[in-house]
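# Sequence first, predicted coordinates after that:
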Amino acid sequence: MVMIFTLVSAVQEKLNEIVDQIKTRREEEKKQKEREAEEEEKQRFHGTPVTIENFLNWKAKFDAELLEIKRKKMKEEEQAGKNKLSGKQLFEMDHNLDTSDIQFLEEAGNSVEVDESLFQEMDDLELEDEEDDPDYNPVNLDSDTF
């Protein structure tokens, strides 16, 4: 009887050790998978380090792509008959437009005459001041409805 108890105890201890080994192995495998997933995630977000040379190369390529896109867009607009340029684009393309209005007025010889006497007698105009308004209350701004 004592011998059977010793054998059963030894087997039970060995089984407990095996179960513990299996648990620790599974935990280690799980941790390893988590580390690998974490490293993959880092690799996905880790790119080329930015240096001045890399940036300038990228910028040149990017500007070339943008220029190509603009050219394609302009060609499409020309083919579609949308050749109408905005005022800003006209002034950017032709700097003679900056002075064209002045030249037009000089060539026409028509000078605009302003009668200054119209602006000298401002007292005759009936302009209302807020102080003269009987309904005006600076504390209560809701007194005047718009």
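Nice, I can see it.
# how about the strands in this protein?
Remark: no strands are assigned in the chain by DSSP state E.
# For it, give me the ranges with low pLDDT.
Residue ranges of the chain with pLDDT under 70: 81-83, 109-112, 121-138, 140-146.
# switch to 90 and redo it
1-5, 40-50, 73-146 (pLDDT under 90).
# Helices of that one, residue ranges please.
Taking DSSP state H as the test, the helices found in the chain are 2-45, 52-80, 87-93, 97-108, 117-120.
# mind putting the ones you listed in a markdown table, distance to residue 139 and mean neighbour count included?
All C-beta spots, glycine's among them, are computed from the backbone N, C-alpha and C. Below are the helices of the chain laid out as a markdown table (distance: least, C-beta to C-beta, whole Å; neighbours: other C-beta atoms under 10 Å):
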| stretch | distance to residue 139 | mean neighbour count |
| --- | --- | --- |
| helix 2-45 | 60 | 10 |
| helix 52-80 | 57 | 10 |
| helix 87-93 | 47 | 10 |
| helix 97-108 | 50 | 10 |
| helix 117-120 | 36 | 8 |
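# how close does residue 51 get to residue 64?
Going from residue 51 to residue 64 by C-beta to C-beta, to the nearest Å gives 20 Å.
# and if you look at residue 46?
27 Å.
# And for residue 37?
In terms of C-beta to C-beta, residue 37 sits 39 Å off from residue 64.
# Please apply the same query to residue 53.
17 Å.
# phi, psi of residue 50?
Residue 50 has phi and psi values of phi -90, psi 120 when expressed as degrees, to the nearest 10.
# sorry, that was for residue 115
According to degrees, to the nearest 10, residue 115 has phi -90, psi 100.
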